[in-house]
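Peer 1: Model the following, please.
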Amino acid sequence: MMLRIRSRDGLERLKIENPQSTIGELKSQIESQLRVPTQSQTLSTNQNLLLAKTLDDLSRFTDMSNPQTPLSSLNLTHGSIIFLAYDGERTVAGGPLINPAGSFGKKMTMDDLIAKQMRVTRQEVSHCELVSFDRDAANAFQHYVNDTLAFAVKRGGFMYGTVSPEGKVEVDFIYEPPQQGTDENLILLRDPDEEKLVEAIAAGLGMRKVGFIFTQTISQDKKDFTMSNAEILQAAELHAEGDLKEWVTAVVKLEVNEDGLANVHFEAFQMSDMCIRLFKEGWFETVIPEGLDPKLSRMKKDVVVGVKDTKEVDNDFFLVVVKISDHQGPLSSTFPIENRNDLVTMKALRSHLDRAKNLPFVKRISDFHLLLLLARFLDINADVPALAECVHTRSAVPEGYQLLIESMASAS
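Peer 2: Numbers count the residues shown, from 1 in each chain. Sure thing, here's the model as predicted:
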């Protein structure tokens, strides 16, 4: 059985030989395979473990505290995610030693042959002709990271919109999942139930997930890379999951110009086909060794870059630049946005509807973030797509829905 372990270092895989193992045996395997001492580990199936900041916070997560508890009683199956918190630093074991095969007198293994054929080159042409951002959605995202977070911690979101037959991507809204950002790392604490609501809304709007957007912090601005190795890993994982050839990764950062003034800057890339192939086939070291230059990605086996065999690849080899434009899409982005510092309540719904009371009702609710709040109280299979379709077609909202939404707002 393979389990996935999510910690502050990212997502790692752990092989369990016996599915009937106990939590104590699991901890021993984590110490053996991932080099985290048993006594330092706190485990939980609750993703909020990664938000714990004190020993008192950690002590509240007790679902995996008994070492005698069998894993089977926790409904853990192949591919399940377990969250790991630990104190101290860890020592990461290096990748397997690969002896280069000589031209004479040495036998070549199958791994040697594959490595000789795995040539990493730059991809000149992207599958995405252009990415265009809805101005309101882009501004809502960058204003928050600039004005509230001051580019001190990382922030990310999933971009939704449409893809034309010619490969043009239009981003019309950005969904920000639960997350924890630091100056170097971005951990997405994804909520499957919430993401189902997002997908239902997107389907009703005639849209789909088209990419990932994240910010770089001001501390990263002083470093010599376009994207760090941790960012490459995260972007490759989400690109591979998205399974869309036009998938776009967007980076937002603060750049200081020659006059000393700071400007918010957007860049867009696709991860190269080779990058996604290497990720899917497990070539990347998913735990980044301490001291590795952030502009380099470490491979488990040698690849060919130029004329030499190496385990370290410059991240720029994995990036394909995408042109950027902007447009005014069909949605507004004035409603409070999910999973930020303040909880979004029905009081916000009432204020929003009051501010826009002179507009047709369908126009008043034409905001993804408002629809997401409503979706939590509606039927995901019938009501959510129906309401989103009204917004998509700009048709009148049925009176029953209108009365329901207004009563929800007035109850606040």
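Peer 1: how does the protein divide up, domain by domain?
Peer 2: The record's domain parsing of the chain by automatic domain parsing lists 2-86, 130-326, 335-410.
Peer 1: List the contacts of Gly181.
Peer 2: Residues near Gly181 by CB atoms under 8 Å, 6 or more residues apart in numbering: Leu149, Val153, Lys154, Arg155, Gly156, Ile187. Every residue, glycine included, has its C-beta placed from N, CA and C.
Peer 1: Would you enumerate the residues in contact with the fourth one?
Peer 2: With CB under 8 Å, 6+ apart as the criterion, the residues that contact Arg155 are Phe141, Tyr144, Val145, Leu149, Glu176, Gln179, Gly181, Leu186, Phe214, Thr215.
Peer 1: picking that back up, any chance of the domains of the chain in TSV, plus mean pLDDT and distance to Val120?
Peer 2: Below are those laid out as TSV (pLDDT from 0 to 100; distance: least, CB to CB, whole Å):
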stretch	mean pLDDT	distance to Val120
domain 2-86	88	22
domain 130-326	94	5
domain 335-410	95	36
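Peer 1: Cross-reference the contacts of Arg155 with the helices and report the matches.
Peer 2: The helices, defined by DSSP state H, take in Phe141 from those.
Peer 1: Reformat the contacts of Arg155 as TSV; add distance to Thr42.
Peer 2: Formatted as TSV, the contacts of Arg155 follow (distance: CB to CB, whole Å):
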residue	distance to Thr42
Phe141	33
Tyr144	31
Val145	30
Leu149	27
Glu176	27
Gln179	20
Gly181	21
Leu186	21
Phe214	27
Thr215	29
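Peer 1: Nearest to Leu50 among the contacts of Arg155?
Peer 2: Set against Leu50, the nearest of the contacts of Arg155 by CB to CB is Gln179 (9.8 Å).
Peer 1: The closest one and Gly291: what is the separation?
Peer 2: Remark: distance between Gln179 and Gly291 (CB to CB, to the nearest Å) = 27 Å.
Peer 1: Between those two, point out the one with more neighbours.
Peer 2: Between Gln179 and Gly291, counted using other CB atoms under 10 Å, Gln179 has the larger neighbour count: 20 against 5.
Peer 1: Who does that one form a beta bridge with?
Peer 2: Assessed by DSSP bridges, Gln179 has beta-bridge partners Leu188.
Peer 1: Residue numbering should commence at 323 henceforth.
Peer 2: Okay, using 323 as the starting number, the last item reads as Gln501.
Peer 1: so who does Ala562 touch?
Peer 2: Ala562 neighbours (CB under 8 Å, 6+ apart): Ile598, Phe601, Lys602.
Peer 1: Let's see which of the contacts of Gly503 end up in strands.
Peer 2: Judged by DSSP state E, strands contain the following of these: Gly478, Ile509.
Peer 1: got JSON lines for the contacts of Gly503, with distance to Asp581 too?
Peer 2: Formatted as JSON lines, the contacts of Gly503 follow (distance: CB to CB, whole Å):
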{"residue": "Leu471", "distance to Asp581": "24"}
{"residue": "Val475", "distance to Asp581": "27"}
{"residue": "Lys476", "distance to Asp581": "27"}
{"residue": "Arg477", "distance to Asp581": "27"}
{"residue": "Gly478", "distance to Asp581": "30"}
{"residue": "Ile509", "distance to Asp581": "36"}
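Peer 1: where do the helices sit along the stretch 423-572 of the chain?
Peer 2: For the stretch 423-572 of the chain, the helices defined by DSSP state H, counting those that start in this stretch occupy 432-439, 457-465, 514-526, 551-564.
Peer 1: Pick the most deeply packed of those.
Peer 2: Among those, helix 551-564 has the highest mean neighbour count (mean count of other CB atoms under 10 Å), at a mean of 21.
Peer 1: how near is Ala704 to Arg686?
Peer 2: 22 Å.
Peer 1: and those two? which has more neighbours close in?
Peer 2: Using other CB under 10 Å, the more surrounded residue of Ala704 and Arg686 is Arg686, with 20 against 10.
Peer 1: can I assume that one is in contact with Arg672?
Peer 2: No - judged on CB atoms under 8 Å, Arg686 makes no contact with Arg672 at a distance of 11.7 Å.
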